[in-house]
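Trainee: Build me a model:
(chains A and B)
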Number of protein chains: 2
Amino acid sequence: EERRKGYRHILKVQLARWVIVFMIGVITALIACSIDICIDQLSAIKFRIIKYHYDRCMLIGCMSVPFFIWVSWDALFVGFSSILVAYGEPVAAGSGIPQIKCFLNGVKIAHVVRIKTLLFKVIGVAFSVVGGLTIGKEGPMIHSGAVVAAGISQGRSTSMRLDFKATEQPSSLRYLINFFLSQIFEYFRTDQEKRDFVAAGAAAGVSAAFGAPVGGVLFSLEEGASFWNQGQTWRTFFASMVSTFTLNIVLSYYHGVPWQLNYNGLLNFGKFDEISYSGFEIPVYAVMGVIGGLLGAFFNHLNYRISVFRRRYIFRRWSQVMESMLVATITTVVAFVMTYMVVDCQALGKDPIEHPLQVFCHDGQYSSMASLWFQAPEASVRSLFHDPYGTYRPLTVAVFGFAYFFLACWTYGLSVPSGLFIPSLLTGAAWGRLVGIVIKIMFPTAQWVDVGKLALIGAAAQLGGIVRMTLSLAVILIEATGNISFGLPIMIALMVAKWIGDFFNEGLYDIHIKLMRVPLLPWEPPPMTHNIRAKEVMSHPAATIKIIERVGTVIDLLQTCNHDGFPVIEEDLPVAQREGEIPGQGLLRGVIARSQIIVLLVNKVFIGRGQTAPHVNMATFRDTYPRYPAISDVHVSVRERELFLDMSSFMNPAPYAVFDNTSMPRIFKLFRGLGLRHLVVVDKFNQVIGVITRKDLARYRFESHKGNVRLMEIPITS
Amino acid sequence: EERRKGYRHILKVQLARWVIVFMIGVITALIACSIDICIDQLSAIKFRIIKYHYDRCMLIGCMSVPFFIWVSWDALFVGFSSILVAYGEPVAAGSGIPQIKCFLNGVKIAHVVRIKTLLFKVIGVAFSVVGGLTIGKEGPMIHSGAVVAAGISQGRSTSMRLDFKATEQPSSLRYLINFFLSQIFEYFRTDQEKRDFVAAGAAAGVSAAFGAPVGGVLFSLEEGASFWNQGQTWRTFFASMVSTFTLNIVLSYYHGVPWQLNYNGLLNFGKFDEISYSGFEIPVYAVMGVIGGLLGAFFNHLNYRISVFRRRYIFRRWSQVMESMLVATITTVVAFVMTYMVVDCQALGKDPIEHPLQVFCHDGQYSSMASLWFQAPEASVRSLFHDPYGTYRPLTVAVFGFAYFFLACWTYGLSVPSGLFIPSLLTGAAWGRLVGIVIKIMFPTAQWVDVGKLALIGAAAQLGGIVRMTLSLAVILIEATGNISFGLPIMIALMVAKWIGDFFNEGLYDIHIKLMRVPLLPWEPPPMTHNIRAKEVMSHPAATIKIIERVGTVIDLLQTCNHDGFPVIEEDLPVAQREGEIPGQGLLRGVIARSQIIVLLVNKVFIGRGQTAPHVNMATFRDTYPRYPAISDVHVSVRERELFLDMSSFMNPAPYAVFDNTSMPRIFKLFRGLGLRHLVVVDKFNQVIGVITRKDLARYRFESHKGNVRLMEIPITS
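Mentor: From the prediction side, this is the model:
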């Protein structure tokens, strides 16, 4: 096909790629903006109402009124969000990062990049945040960006029944638009192209969430790339830039400072102007990294236990909604009780608090504990970073951090859309600031101790200890801080936190991926597998198809075997000479995908009794991507079952294949490097003797637990 | 082998990797520091002497004295540097970045990572910079880091005749040290491991040069990675961090402010505190990107012509030295004449000029043109970025930029070590500042015009237009600026410059790689090659070896054929049945490397006449890496020629192979994704019919010139 269309065609496809990533960037940013504005408006209403009753009731003693308003507001919003997810689209729960990791790794998860998922995720995360859960809106942005990318690049949506392909109604404007769009979209309907765009979308999401375009690119590389491609990276970067720039323009406009461009991302750490550090502080940061690693590992362990419990006992939809509402209620109760119990009064006007609560403080003062709970968590992170020394008493940050840690741990994994970044940062900022305050009390003359700076390190260490992302996380934090000179301390804290955490368990996303039991391939072949050979890993005998095969046989095969691809064989060889240890099944001639066979069946491309097969071209195959009919939807008459299918012009005639004695690491490299899903195993006579799938490989995992390592086989379902 | 040693061994190797990258980071930084300090000291002497005579002679009219001192100093230093390179180690010339790109791509270039190269490069670059050439010391740092990495990771140096492997003298301290070291080093003597460490070293070099650890990682990924590996990336990042931190400590100490840690890299852009921008400035930056792209393309074209001329006419060593000295002289003359002709006087004391020259200015003033020439180029970049508006008249920067452009273009490619970054940045900063001054003159009330800011954009655009690196360059500049909020404008300028430049020609490094005629594989398979099949690309017939082959036959084969690897075949099959279109050469059973055969020959692992072969283990093969003897050094008696070699236990029994009808893009993906050097082509009966090497693939290039694209075959020698 490419041969026919020439160079102009190639240039057009190139250009189309750039147009699509531009659109991905813009739309991802617009979605981020609407979430942000929505949360901003709703939260303002919530806090205004509660503050009104709070202030009123402090005087006349009707504190149950604001309490019940607060609790029921939170429970209702979170409940609604949870209903959307539990009954609407369960895959919209959580941050979506594990799912996107799997998708980019080549594992198909149902519904993960559908528009419906996006819609429920966006509404759900806004409602959950407004409902006061200990979550962030940033993680879900990555998932949103990925869905946007999948939708735009494919130019259609199954959920919305749209398909921007040339329709058959000429002579209308719609036709013209469609025709133009179809020229763009048609060529990207393959797994590889879709995955590339989704990686760009995820990067745009990170970029919008944290104002971190470089971090976004690194994120999508770290999670998605198995094969580095300069052009693709550059386009991903472009999508990220467009995304942060669009968001910046829109939010600057919304906040009444058009063209000031101070809003790089949803999460804004505020300006650290005067951060500086000396060499002797490095050990302090390393120690904070250790703390972050330990706390992170503990967090992950606890969350793992909770998740296992949840899988076992809370799998009914209504019970998931109930649990979400329960957590929302308890979070609110904890917040309410704390504002009551911990009295930490500060003079008003010193800091820009939007909704200061007086509680038990004197007039002209506000409770700094209340203010931590009584604003968006992003704002609390900023407060802990920037409020001057003395704003919070040690007890305040200690109690706050302690409570937030456990609440966040319980919350992650509820069936609501929820980000993990903000709660981790907030917990870390709390104990980091506590460390700063303690050092300041112990050494009152130490000039270098800046509680905000230490809060930042604590936040980095805590986040690093939980998610264990490395380079991308460092860059995201550096970009969000807007201060590069403090990069080294952040990197050190992250690195130490990762090392310490990895000693105990895996990162939280990886834990959740393992709980999903999907065949995710790790970065490197597991060690100690040099002695495992292809013939030990493969499934044998392979489900094969002859080059010219009876239609009935093919249908029966597809009905009994759910493989994605089948080796095509030729049998006309003296079998006697071909015997190896494992009996061969015929000479390997190619591989044909399940989807291709089904398209052939649907279009009845049969031969036999003097008929020639109808013509089918590439476009026919592309149109059915990605959701070709199930084999049960293919209807073939009894007479047609006796006809034949000729695979020779449709199969891939030069499939990747390995010999039976190829070692595991080599097979692994092929899968990772080339993004394979299945691989044919042949003997030395090029006879098919088996097939290796991704699942066969992913079974082998290298476990590290408290310094002990072992090779194990894990259960995979898909 | 791995099987035998168990998990402790794996952990030890892992730990050893970290230790090695730590050492790479430290040593790279120390080398960078010594270059810097050396240049600093020598330049101070030079400028002090010249200034003394200059000031003295302005009064009594003996201007020829400082002129001759200046010219002869520069010619001598550059001449010495050029002699080192031309007579000592020609591969030390230039920035070394094209060579490192090739190395990381898998192309072997002789001497590129030898200690001797490093030594000559380091001394050479210091002398060239002190000799006043329009070059930077940053590019060579990348090469230096790579050599350090290769040397350390292999634990030995051929040039220095050192080998940190366990020796046979027990009972000595040396033995203990050696034993410890050998435990570390022994396992990394393979191409793959070495390349990974070299990538880390290059990153450490970038990091030391620009204070850009993240940029360093991205650089080595952009240039070297064909297969993304999280662990490897993380180690690379660690090396970069260690490098910038070490450099920071040493240079802070040297400059008398220990522990202040203000010296992140050799190149320091100085602190941009108050940079801010509004949305409407974006088009201005885009236009500057266009200018940078055009100027860059022109620079590359000119340098290409000069390089071709040089290759044709200036290939003798003495003529290379002469040319270098000529360029040095002319550069100095230009500088001297300019300080004379362009009178631009500024009040002293306003700016921190180290060696102010009065020239024709009044007392208490200095010539700002003279100051641009009369300091290290890095300092001039800083001056153009930070000196307040009015420091330079438009004519000054225009003339300076113009002269620097052509001088830099002539200089790059001389046989001296020389970096391209600084001259590009300086040229760009000059015209960028000029743009700023012109806008300021036209719109005197425009508040947003900051000449320093526009100089920075100009520098980015010019550099982007010349080298066309994308993501890594953006990050390097952002990190060097230390200001992340100005990232977007830099990215836009770079991106536009790349697009415009790519319309005309390739990046300068790629042009020089093409001139070297090495089989570098591009990122993606060239388009329009779907119809090219393996059988059209392969060499046929392949040089093959039988599983058990007569020693004499093997030696004859190695002497006549310089391939790196040979397919091992089995011939005991009825040939009649095996005929395809292309006659098969026997059943493929494995692949054996040239080096392995030679080790077998040297160790006389022969069988025949009842003898059994002596035992050879993995360590024997590893010891000879990377320089195994030539076949001409293998001496075998006539009787031994009649014995046999048994390949079966040494060959790779499961080589990657493709069918004859595999399409070019698939073959390409295999080479890039798995880092192959050769690939066996088999027919459908698994009979060897040919071999594809890297060279066979690299011949196909996709050319773009002024918007026209075509597929061409380029000549490759190696």
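Trainee: A:Val206 and A:Pro140 touch, don't they?
Mentor: No: with contact defined as C-beta atoms under 8 Å, A:Val206 does not reach A:Pro140; the gap is 11.6 Å. From N, CA and C alone the C-beta is placed, and that goes for glycine too.
Trainee: Would you quantify the distance from the residue nearest the centre of chain A to chain B?
Mentor: Among the residues of chain A, the one closest to the centroid is A:Ile97, at 1.9 Å (C-alpha atoms, centre = their mean). Going from A:Ile97 to chain B by C-beta to the nearest C-beta, to the nearest Å gives 15 Å.
Trainee: cool, A:Gly458 as well?
Mentor: 20 Å.
Trainee: Next one, pLDDT for that residue please.
Mentor: The confidence metric pLDDT takes the value 95 at A:Gly458.
Trainee: In contact with the nearest residue to it once chain neighbours are set aside, which residues are there?
Mentor: Nearest residue to A:Gly458 in three dimensions, chain neighbours excluded: A:Gly432, at 1.7 Å (C-beta to C-beta, 6 or more residues apart in numbering or on different chains). Remark: with contacts taken as C-beta atoms under 8 Å, 6 or more residues apart in numbering or on different chains, A:Gly432 is in contact with A:288, A:384, A:454-459, A:461-462.
Trainee: one more time with 10 Å
Mentor: A:288, A:291-292, A:384-385, A:397, A:401, A:425, A:451-462, A:493 (C-beta atoms under 10 Å, 6 or more residues apart in numbering or on different chains).
Trainee: What of A:Thr427?
Mentor: Counted by C-beta under 10 Å, 6+ apart, A:Thr427 has contacts A:134, A:292, A:295-296, A:299, A:381, A:400-409, A:458-459, A:462-463, A:466.
Trainee: quick one on the thing from earlier: find the helix or strand that the residue nearest to A:Gly458 is a member of.
Mentor: Per DSSP states H and E, A:Gly432 falls inside helix A:421-442.
Trainee: Let me know the next secondary structure element after that helix.
Mentor: Counting by DSSP H and E, what follows helix A:421-442 is helix A:451-467.
Trainee: for that next one, packing partners?
Mentor: helix A:282-313, helix A:377-386, helix A:394-411, helix A:421-442, helix A:471-481, helix A:487-504, helix A:508-516 (3 or more C-beta pairs under 10 Å, 6 or more residues apart in numbering or on different chains; DSSP states H and E).
Trainee: Overlap of the contact sets of A:Val206 and A:Pro140?
Mentor: Contacts common to A:Val206 and A:Pro140, judged by C-beta under 10 Å, 6+ apart, are A:Ile97.
Trainee: Quick one: classify A:Val681 as helix, strand or coil.
Mentor: strand (DSSP: H, G, I helix; E, B strand; the rest coil).
Trainee: Check whether it really touches A:Pro567, as I assumed.
Mentor: Yes: using C-beta atoms under 10 Å, A:Val681 makes contact with A:Pro567 at a distance of 9.3 Å.
Trainee: tell me, what's touching these two both at once?
Mentor: Residues touching both A:Val681 and A:Pro567 (C-beta under 10 Å, 6+ apart): A:542, A:588, A:657, A:688-691.
Trainee: wait, which of those residues is closest to A:Gln559?
Mentor: Minimum distance to A:Gln559 across those is 17.0 Å, recorded for A:Ala542 (C-beta to C-beta).
Trainee: neighbours around that closest one, how many?
Mentor: For A:Ala542, the neighbour count with other C-beta atoms under 10 Å in any protein chain shown is 22.
Trainee: Nearest residue to A:Leu494 in space, ignoring adjacent ones along the chain?
Mentor: A:Gly464 (3.9 Å).
Trainee: Apologies, that question was intended for A:His386.
Mentor: The shortest distance from A:His386 to any non-neighbouring residue, by C-beta to C-beta, 6+ apart, is to A:Gly270 (5.1 Å).
Trainee: wouldn't that neighbour be in contact with A:Ala455 here?
Mentor: No: here A:Gly270 does not reach A:Ala455: they are 11.5 Å apart, not a contact under C-beta under 10 Å.
Trainee: Between the two, tell me which one has more neighbours.
Mentor: Neighbours around A:Gly270 and A:Ala455, counted as other C-beta under 10 Å, are more numerous at A:Ala455. The numbers are 30 against 15.
Trainee: which SS class is A:Val568?
Mentor: A:Val568 - assigned by three-state DSSP - is strand.
Trainee: SS state for the closest residue to it other than its chain neighbours?
Mentor: Using C-beta to C-beta, 6+ apart and skipping the chain neighbours, the partner closest in space to A:Val568 is A:Gly590 (4.3 Å). Secondary structure state of A:Gly590, per three-state DSSP, is strand.
Trainee: Need the pLDDT of A:Gly590.
Mentor: So A:Gly590 comes in at 85 (pLDDT).
Trainee: So what's the residue count around it?
Mentor: Neighbour number of A:Gly590 under other C-beta under 10 Å is 23.
Trainee: and what of the one 5 residues further on?
Mentor: A:Ser595: 17 surrounding residues under other C-beta under 10 Å.
Trainee: Over to A:Arg312?
Mentor: 8.
Trainee: The one 10 residues further on too?
Mentor: The burial metric for A:Met322, expressed as a neighbour count using other C-beta under 10 Å, is 15.
Trainee: what's the distance between A:Ile152 and B:Thr481?
Mentor: Per C-beta to C-beta, to the nearest Å, A:Ile152 is found 34 Å from B:Thr481.
Trainee: Among the shared contacts of A:Val681 and A:Pro567, which are located in strands?
Mentor: A:588, A:657, A:688-691 (DSSP state E).
Trainee: okay, those in a markdown table with distance to chain B next?
Mentor: Compiled in a markdown table, those are given as follows (distance: C-beta to the nearest C-beta, whole Å):
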| residue | distance to chain B |
| --- | --- |
| A:Leu588 | 8 |
| A:Ala657 | 8 |
| A:Val688 | 12 |
| A:Ile689 | 13 |
| A:Gly690 | 14 |
| A:Val691 | 16 |
